[in-house]
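>>> Sequence and predicted structure, then a few things I'm wondering about:
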Amino acid sequence: MLILSGLSGGTFSFAKFLALLAGIYLLARLMSLWSQRLLWSLRNRLIVAYLFVALVPVLLVVLLSVQAAMILYTQLGGYLLYEDVQKRTDLIADGAEQIAAALRSEKGNLHRTDVEKIVSEQEHEVLDARLPGLQIEFPADPALLARVAGSERTKFSGLIQEGKRVDLVALDAVQTSRGELVVKLTVPLTPEFLATLAPDLDAVFFDVVEPYTGGARPGVVYPVGDKYYESVESIRSSTRLTPILPATLLDPIVSGVSRFAAVRLLPDGTVARSYPVVAKFIARPSHLNRKIFSSLGDLGYLNYLGFIAVAIILALLELAALITGIVMTRRITRGVDDLYKATQHVQARDYSYRVRVDRNDQLGRLGKSFNGMIESVSTLLEEQRERHKLENEISIAREVQNQLFPQEFPKVPGVKIEAICNAARTVSGDYYDFIQLSPTSLAIAIADISGKGISAALLMASLQASLRSLILADGSASLSTAELVARLNKHLVRNTGDDRFATFFIAVFDSATRSLRYTNAGHLPSFCIANGTVQVLDKGGIVLGVVEDYPFEEGSLTLPPRALLIGYSDGLVEPENVYGEEFGIQRLKEAAVGLENETPKDVATGLMQAAEEWASTPQQADDMTVVVARLG
């Protein structure tokens, strides 16, 4: 049996563990049901929303402000500590430079008693106060300066760590007649020295560190860059070991860590520069505030007090806003309750119930709108029935339009034709036709009517009737395709509105002479494929129905055996893929060349599939039509 320990110092069995899990699950379910019941009411939801909208952001702002203040105080404490150490470093460097200057003037003939005379009694008092434990070596070992500062430097000031000892050292080299002499001033980092650092801080500590090699951690480990160091010695100030009592309740302890760069002298004679020495401090914000506002005099705290006053005012305003929100919530939910009751009557098909409106605010307007909506329900139901009738009529129109397309393809020797038209809506604005003019002659037409739906379908029917009446009239065999298109254009201009037009392409093929005459009126150019070569049929003119007396042009060519004629509407080349790229005419041509040796039916089906696969969506944006004819 599984035994788990750690509950009140004892053990409990697996069955008890399962009971605990069941209890937790049951508690979660009860809380979920309770929250659902609590939040079912809009009033409760709005109250909870106000709490999250108004109270939580304020709490987050307060927490963020506290965190920002702690960061500010930490940075200020670190700056004060660093600045004071830097001042002590400059002070000891000035002392070394002063002695070095005297050495140069005496050409190195200076004794210990002379060094004491260089520094006045007043300066001694300052040095003893700010640099307790100051030691002067005169002259010092020149090799030390070369190790810590480099062979080309003649001065050095900073921290030097040797073993677990850290000193503040200043070195200054002097060239004299007796050779190179080095002045060395040393202040060990002792508790007495730390007690004089940064008097605005309550306590100061320095940690001597060594590279962390893994294993058990005897001390604190500090990450520095990509390396880790562990504390092996901690130097604490002789006084100020603990923070003083807080000045107010809002006077927490602020602690921070700073890093100083030292030169470490290793036992093997090598030197590690920029070696970390970690300093820690503890302070109270009240002490740091005095430092911040000290430059403003005694009146500097007025800004601080003003800040507290503004915070109190904001808290009062927040409370007032919360109360106002609750009161407004009650007013809102009362109106919502009335609307809910009204919906229950509507659900029961009682359209006589009306919402009580006793005020002219937005909720009152909503009640009026609801009452107006109830009055419109019957009308909407009637309109829905009318719409069903209209949809039935549109379906009939679709059947009628399908009868306008060729039901049987003409029989012309050597010619095989195929056409596909997929409407974007119930009825289509695209049009194609095959008209046999003689036993060896065939007219192939394709058009695209502007717009979609019923209006385009009606114009398509008018265009089909006009084309057939013109092309099958007596004497039309002698007409060129350009003249035929010109007459068709004049008919559309006179019998349609200014905003209605159609693109149109017609070609007449004679299988006996293998000649093809065509005119393209603003339609996307059809093309012929023979032996892998594509020839575009683009001669003609503008769209039909715009300019009445427009001189259209006829194009003609002689086709080789088994040439493939392909006509299409813009819906076949405009589908876009997920990147917004159109299928395009060039891809259509490439797909057609790949299908050149297939039957017209397979070519038409393959081109439709290529366009649909490019779009990768079943929804069509426009009517798609393709006409394929194998000519001989």
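Yep, that arrived. Everything quoted here is computed from the prediction, not taken from an experiment. Numbers count the residues shown, from 1 in each chain.
>>> pLDDT below threshold where in the stretch 151-300 of the chain?
Residue ranges of the stretch 151-300 of the chain with pLDDT under 70: 177-178, 215-219, 241-243, 247, 293-300.
>>> just the strands in it please.
For the stretch 151-300 of the chain, applying DSSP state E, counting those that start in this stretch gives strands covering 155-162, 165-176, 179-188, 203-211, 221-224, 227-236, 254-265, 271-283.
>>> would JSON lines of these with distance to residue 291 and mean neighbour count be doable?
C-betas here are computed from N, CA, C, even on glycine. Shown next, in JSON lines, are those (distance: least, CB to CB, whole Å; neighbours: other CB atoms under 10 Å):
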{"stretch": "strand 155-162", "distance to residue 291": "24", "mean neighbour count": "20"}
{"stretch": "strand 165-176", "distance to residue 291": "23", "mean neighbour count": "21"}
{"stretch": "strand 179-188", "distance to residue 291": "24", "mean neighbour count": "20"}
{"stretch": "strand 203-211", "distance to residue 291": "15", "mean neighbour count": "21"}
{"stretch": "strand 221-224", "distance to residue 291": "27", "mean neighbour count": "13"}
{"stretch": "strand 227-236", "distance to residue 291": "22", "mean neighbour count": "16"}
{"stretch": "strand 254-265", "distance to residue 291": "12", "mean neighbour count": "19"}
{"stretch": "strand 271-283", "distance to residue 291": "9", "mean neighbour count": "19"}
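>>> a markdown table for those strands, including distance to residue 345?
Output for the strands of the stretch 151-300 of the chain, formatted as a markdown table (distance: least, CB to CB, whole Å):
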| stretch | distance to residue 345 |
| --- | --- |
| strand 155-162 | 86 |
| strand 165-176 | 87 |
| strand 179-188 | 92 |
| strand 203-211 | 75 |
| strand 221-224 | 70 |
| strand 227-236 | 74 |
| strand 254-265 | 65 |
| strand 271-283 | 70 |
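>>> so which of these gets nearest residue 466?
Each of the strands of the stretch 151-300 of the chain has some distance to residue 466 by CB to CB; the shortest is strand 221-224, at 87.3 Å.
>>> So the chain: which segments form each domain?
64-288, 405-631 (automatic domain parsing).
>>> Pick the most buried one from those domains.
Burial of those is given as mean neighbour count (mean count of other CB atoms under 10 Å); domain 405-631 ranks first at a mean of 18.
>>> So what's the gap between that domain and the chain middle?
Centroid separation between domain 405-631 and its chain, computed with CA atoms, centre = their mean, to the nearest Å, is 47 Å.
>>> got the end-to-end distance for it?
21 Å (CA to CA, to the nearest Å).
>>> average pLDDT across that domain?
The average pLDDT within domain 405-631 is 88.
>>> between the helix ranked longest in the chain and strand 203-211, how big is the angle?
Scanning the chain for the longest helix, with DSSP state H as the assignment, gives helix 56-105. Per axes from the mean of the first three to the mean of the last three CA atoms, to 10 degrees, the angle that helix 56-105 makes with strand 203-211 is 80 degrees.
>>> Check the offset of helix 56-105 from the chain's centre.
That offset, for helix 56-105, works out to 40 Å (CA atoms, centre = their mean).
>>> Kindly report the same for stretch 377-391.
45 Å.
>>> circling back: switch the domains of the chain over to JSON lines; also include distance to residue 371.
JSON lines is the format used below for the domains of the chain (distance: least, CB to CB, whole Å):
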{"stretch": "domain 64-288", "distance to residue 371": "48"}
{"stretch": "domain 405-631", "distance to residue 371": "36"}
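>>> And the ones you listed: which comes nearest residue 369?
Once the domains of the chain are compared by CB to CB, domain 405-631 is nearest, at 32.1 Å.
>>> Quick check: residue 484 touching residue 468?
No - counting by CB atoms under 8 Å, residue 468 is not a contact partner of residue 484; they are 11.5 Å apart.
>>> residues in contact with stretch 70-85?
With contact meaning CB atoms under 8 Å, 6 or more residues apart in numbering, stretch 70-85 is reached by 168, 197-198, 200-201, 204, 254-258, 260, 279, 281, 283, 285, 288, 291-292.
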